[in-house]
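**Student:** Sequence first, then the predicted structure:
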There are 2 protein chains.
Amino acid sequence: MSSPGKSPRASAAVISSRDNRWLKEFRVALRGGLPTESGAVGVEGARLTEEALSSGCRIEAVLFSESGRRHHARLAPYLDRAEIAFPVLYTTDRLFEGVADTEHPQGIAALVEPRKFSFDDILRPSLSGSAPLLAVLAGVQDPGNVGTILRTAAAFGATATITSASGQSGTASPFSPKALRASAGATLHLPLLAGPALPILLAQLHTSKIRTLATSSHADEAALAPWDVDWREPVALLIGNEGVGLPEEIERSASARVRIPMSGGIESLNAAAAAAVLFYEAARQRNTLPI
Amino acid sequence: MSSPGKSPRASAAVISSRDNRWLKEFRVALRGGLPTESGAVGVEGARLTEEALSSGCRIEAVLFSESGRRHHARLAPYLDRAEIAFPVLYTTDRLFEGVADTEHPQGIAALVEPRKFSFDDILRPSLSGSAPLLAVLAGVQDPGNVGTILRTAAAFGATATITSASGQSGTASPFSPKALRASAGATLHLPLLAGPALPILLAQLHTSKIRTLATSSHADEAALAPWDVDWREPVALLIGNEGVGLPEEIERSASARVRIPMSGGIESLNAAAAAAVLFYEAARQRNTLPI
């Protein structure tokens, strides 16, 4: 039934035992949501695997189940090349289900090593030549919100993302399966700096002449409306915890505070909707979006 | 232990049997997510119950559990009045858990009858005097998205909402417990017309000189960017299904199509984030938000 283009390569390994080392790695990364020893994270499904293969990140391995082979044609441009340096593995549907994180797995997954960026890296001029527009997540705890905010930031031309470990709570990992799914792969494309402590990061941003804008979640007369911010300057938007916002000392030490005015007795938007509005306003002013 | 202000009123009923008629009504509305025979819907938790009591909608009954009585003080302004026409009921924590929809119920709930609006009602001039800005949900299937879009629309000054039964799929009920929770109560405050068929509604809007704007979810050169729309005119924004958008014939028969430009290889935003961006742009142009 298989045509030459779709059949496993001669060098591809077929895995039929649950004790296989690769299956264990996939299980840790997908079901466990943890990085492998070499620092790779797991992505699942045809779309995310394609995002991983097209991201330029190092791929550690790709795994198909029997029924997942129907996605092979879609991924062939990335897989059917003589020079690829990673194994393409095949296993049974049953063994695949044992490592997958989703209830109805699509039968295709990859281990991918996110690129590592330094603070200087993320300030490099963007391809479009526009000034830095950074999304700084500080205490966003829901992995779905983390992923959605990254996706929204990427959609509206953010040049990089920073997830800070600071605050009482820390930020959920952008590389967990749920966050990766919600980001629709943006996490692998957008330069991302993970882990700096917020006070140190703020000092670095000030030194680099990046304006820090704290999103304010409470009534605050000194806060700017989104349209009163000049988003064409180099800007880092600080986004705090879903419930309590940013730590007070961070709000105070930022260059300015921004608050989305609301009517109708509504006191807050959800974190992802608020981020969408602010990055949209930045994109509108920067006029960087393709029409 | 109870002070006079917090004790049940003399006329308040204490329910100790699971066969009680009121408990059955609360069970249908909360756990079942269905309207009661008289058309009331159930809301749960201190915040939503307060929204219901302050909405001006007819209240059918309020129910406290033993531990829920701690919320009595917050609701006292609405409950401790001689003229209230609905029963305030008390029951045990165990019986309350049997009717609640949430895993860890707060022990306070209400049955509330949403106001009914006609097409003419929702076009009445808004309190702020601004032109109609209508959110039309046509095929939004996730109750959480329905609620979040209503909350966002209210926050950005929408004057009314319409949920259409049309499309292959219909729109999730805005009165289900999940949608009501996601709306943070906006569903009970914003005028809402439920159920018109989309083609008939479009004809009515055209006759009433309301511009219909179809959100377009695919590449579409003729679609306007949000900032190219004049949102100060009377406008109805049509929001389609999360996966497939609006039916094609509706996109074609609308006055215009609007599409949020995106960069970074991102092809779509989630429905609630997209609605937030569009209603924000409307509010920005209308300049109706309190600062």
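**Tutor:** Thanks, I have the structure now. Residues are numbered from 1 along each chain as shown, chains lettered A, B, ... in the order given.
**Student:** for residue A:287, phi and psi?
**Tutor:** Main-chain torsions, residue A:287, degrees, to the nearest 10: phi 60, psi 40.
**Student:** go on, residue A:33?
**Tutor:** Reported as degrees, to the nearest 10, the phi and psi values for residue A:33 are phi 70, psi 20.
**Student:** Settle this for me: it is touching residue A:177, isn't it.
**Tutor:** Yes: in terms of CB atoms under 8 Å, residue A:33 counts as a neighbour of residue A:177; the distance is 5.4 Å. C-betas here are computed from N, CA, C, even on glycine.
**Student:** So for the two, which sits in the more crowded spot?
**Tutor:** Taking other CB atoms under 10 Å in any protein chain shown, residue A:33 and residue A:177 do not tie; residue A:177 has more neighbours (25 against 18).
**Student:** Name the nearest residue to that one, ignoring sequence neighbours.
**Tutor:** On the basis of CB to CB, 6 or more residues apart in numbering or on different chains, the spatially nearest residue to residue A:177 that is not a chain neighbour turns out to be residue A:101, at 4.6 Å.
**Student:** So the one you found sits against residue A:31, correct?
**Tutor:** Yes: when contacts are counted by CB under 8 Å, residue A:101 is listed as touching residue A:31 (5.1 Å).
**Student:** of those two, who's got more company?
**Tutor:** It is residue A:101, of residue A:101 and residue A:31, that has more neighbours when counted by other CB under 10 Å, with 21 against 16.
**Student:** and the more buried one, what element?
**Tutor:** Using DSSP states H and E, residue A:101 sits in no helix or strand.
**Student:** so what's in contact with residue A:33 and residue A:177 at the same time?
**Tutor:** Where contact means CB atoms under 8 Å, 6 or more residues apart in numbering or on different chains, the residues bridging residue A:33 and residue A:177 through contact with each are A:42, A:101.
**Student:** The stretch 51-200 of chain A: strands as residue ranges?
**Tutor:** A:58-64, A:88-91, A:108-113, A:133-138, A:160-164, A:192-194 (DSSP state E, counting those that start in this stretch).
**Student:** Using JSON lines, please lay out these together with mean neighbour count.
**Tutor:** Conversion of the strands of the stretch 51-200 of chain A to JSON lines gives the following (neighbours: other CB atoms under 10 Å in any protein chain shown):
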{"stretch": "strand A:58-64", "mean neighbour count": "23"}
{"stretch": "strand A:88-91", "mean neighbour count": "21"}
{"stretch": "strand A:108-113", "mean neighbour count": "26"}
{"stretch": "strand A:133-138", "mean neighbour count": "27"}
{"stretch": "strand A:160-164", "mean neighbour count": "25"}
{"stretch": "strand A:192-194", "mean neighbour count": "20"}
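**Student:** if we can go back for a sec, who's in contact with the residue nearest to residue A:177?
**Tutor:** Shown here is residue A:101, whose contacts under the criterion CB under 8 Å, 6+ apart are A:30, A:31, A:33, A:42, A:44, A:177.
**Student:** Among those, name the ones in helices.
**Tutor:** In helices, judged by DSSP state H, the following of these are found: A:30, A:177.
**Student:** Could you work out the most separated pair of the contacts of residue A:101?
**Tutor:** Checking these against each other with CB to CB, the farthest-apart pair comes out as A:33 and A:44, at 11.1 Å.
**Student:** Give me the common contacts of these two.
**Tutor:** With contacts taken as CB under 8 Å, 6+ apart, residue A:33 and residue A:44 have A:101, A:177 as neighbours in common.
**Student:** who touches the closest residue to residue A:42 other than its chain neighbours in this structure?
**Tutor:** Counting by CB to CB, 6+ apart, residue A:42 lies nearest to residue A:29, which is 3.0 Å off, once chain neighbours are set aside. When the contact criterion is CB under 8 Å, 6+ apart, the partners of residue A:29 are A:35, A:36, A:40, A:41, A:42, A:111.
**Student:** Among these, name the ones in strands.
**Tutor:** Among the contacts of residue A:29, the residues falling in strands (DSSP state E) are A:41, A:42, A:111.
**Student:** Just the endpoints, please. Distance across stretch A:97-115?
**Tutor:** Using CA to CA, to the nearest Å, the gap from the first to the last residue of stretch A:97-115 comes to 28 Å.
**Student:** Tabulate the ones in strands among the contacts of residue A:29 (CSV), appending pLDDT.
**Tutor:** CSV is the format used below for the ones in strands among the contacts of residue A:29 (pLDDT from 0 to 100):
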residue, pLDDT
A:41, 95
A:42, 95
A:111, 97
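**Student:** Retrieve the pLDDT associated with residue A:126.
**Tutor:** At residue A:126 the predicted local distance difference test score is 65.
**Student:** With residue A:290 instead?
**Tutor:** Each residue has a pLDDT score; the one for residue A:290 is 71.
**Student:** now the nearest residue in space to it that is not next to it in sequence: how far from residue A:244?
**Tutor:** Leaving aside its chain neighbours, residue A:290 sits nearest to residue B:261 (5.8 Å; criterion: CB to CB, 6+ apart). With distances taken as CB to CB, to the nearest Å, residue B:261 is found 34 Å from residue A:244.
**Student:** got it, and residue A:174?
**Tutor:** Note on residue A:174: its distance to residue A:244, by CB to CB, is 21 Å.
**Student:** More neighbours: these two, which one.
**Tutor:** residue A:174 (26 against 14).
**Student:** The more buried one is in contact with residue A:147, isn't it?
**Tutor:** Yes: look at residue A:174 against residue A:147 with CB under 8 Å: they come within range, at 6.9 Å.
**Student:** where do the contact lists of these two overlap?
**Tutor:** A:180, A:183, A:187.
**Student:** Determine if any part of the helix or strand encompassing residue A:257 is in contact with chain B.
**Tutor:** Taking DSSP H and E as the criterion, the element that holds residue A:257 is strand A:256-258. No: no part of strand A:256-258 sits close enough to chain B to count as contact by CB under 8 Å from any CB of the partner chain; the gap is at least 11.8 Å.
**Student:** Check whether the helix or strand following that strand comes near chain B.
**Tutor:** Scanning forward in sequence from strand A:256-258 by DSSP H and E, the next helix or strand is helix A:271-286. Yes: using CB under 8 Å from any CB, helix A:271-286 reaches chain B at A:272, A:273, A:274, A:275, A:276, A:277, A:280, A:281, A:283, A:284.
**Student:** Relative to residue A:110, how far out is the residue nearest to residue A:42?
**Tutor:** Residue A:29 sits 9 Å away from residue A:110, taking CB to CB as the criterion.
**Student:** start to end distance for stretch A:88-105?
**Tutor:** Distance between the two ends of stretch A:88-105: 18 Å, counting by CA to CA.
**Student:** May I see the buried residues of that stretch?
**Tutor:** A:88, A:89, A:90, A:91, A:92, A:95, A:96, A:99, A:100, A:101, A:105 (16 or more other CB atoms under 10 Å in any protein chain shown).
**Student:** what pLDDT, on average, does it get?
**Tutor:** The average pLDDT within stretch A:88-105 is 94.
**Student:** distance between that stretch and the chain's centre?
**Tutor:** Here the centre of mass of C-alpha atoms in stretch A:88-105, compared against the chain's by CA atoms, centre = their mean, to the nearest Å, lies 23 Å away.
**Student:** Please name the residues that touch the most centrally placed residue in chain A.
**Tutor:** With distances taken as CA atoms, centre = their mean, residue A:187 lies nearest the centre of chain A, 2.2 Å away. With contacts defined as CB under 8 Å, 6+ apart, residue A:187 is in contact with A:114, A:147, A:150, A:174, A:175, A:179, A:180.
**Student:** One more pass at 6 Å, please.
**Tutor:** For residue A:187, the contact set (CB atoms under 6 Å, 6 or more residues apart in numbering or on different chains) comprises A:150, A:174, A:180.
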